[in-house]
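[1] Any chance you can model this:
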Amino acid sequence: MNSQFASVADLDEKRTTFVRLSEHCWGYTAEGDPNTGVIITDESVLIVDTLATPVMAGRLIAEIRRLTDKPIKYACSGPQLTAAKACRRSLPVRAPTS
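    Now for the predicted structure:
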């Protein structure tokens, strides 16, 4: 069994999708994995799961910027915080402590 994170073990380029799920909610996937949620409010943007690498996070941010220039103020992330570093200067990142 491979114990590496998917971002380390799988370096193949993935086809991504960024689809509108509701008035304020978008979903971003890379061939189904990982999944990221984006909520765009009247004031700001919230990212739910910052993805596995800074490169992937940068691509997500580019997609968000095609939709809005509102500030990305919040990010909720899983235990891997690698990609959060791509935006840490402007984001208060929330992550589990365990």
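
[2] Tell me where this protein has helices.
    Per DSSP state H, the chain carries helices over the ranges 6-9, 54-67.

[3] Buried deepest among these, which one?
    Greatest average neighbour count among the helices of the chain goes to helix 54-67 (a mean of 16), per mean count of other Cβ atoms under 10 Å. Any C-beta I mention is one placed from the backbone N, CA and C, and that applies to glycine too.

[4] For that helix, name the packing helices and strands.
    Packing partners of helix 54-67 (3 or more Cβ pairs under 8 Å, 6 or more residues apart in numbering; DSSP states H and E): strand 16-20, strand 25-30, strand 35-40, strand 45-48.

[5] how far off strand 25-30 does it point, in degrees?
    Inter-element angle recorded for helix 54-67 and strand 25-30: 140 degrees (by axes from the mean of the first three to the mean of the last three Cα atoms, to 10 degrees).

[6] what mean pLDDT does helix 54-67 have?
    The average pLDDT within helix 54-67 is 88.

[7] do the same with stretch 18-31
    Mean predicted lDDT for stretch 18-31 stands at 90.

[8] next one: stretch 72-82
    Averaged over stretch 72-82, pLDDT sits at 70.

[9] how about the helices of the chain, which one is nearest Cys76?
    helix 54-67 (13.3 Å; Cβ to Cβ).

[10] how about the CA coordinates for that closest one, as CSV?
    Written as CSV, here are the backbone C-alpha positions of helix 54-67 (Å, rounded to 0.1, in the frame of the first residue of the first chain):
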residue,chain,number,x,y,z
PRO,A,54,0.4,25.5,-4.1
VAL,A,55,0.3,25.0,-7.9
MET,A,56,-3.3,23.5,-7.7
ALA,A,57,-4.3,26.3,-5.3
GLY,A,58,-2.9,28.9,-7.8
ARG,A,59,-5.1,27.4,-10.5
LEU,A,60,-8.1,27.6,-8.3
ILE,A,61,-7.4,31.2,-7.4
ALA,A,62,-7.1,32.0,-11.2
GLU,A,63,-10.6,30.5,-11.7
ILE,A,64,-12.0,32.5,-8.8
ARG,A,65,-10.4,35.7,-10.3
ARG,A,66,-12.2,35.0,-13.6
LEU,A,67,-15.5,35.4,-11.6
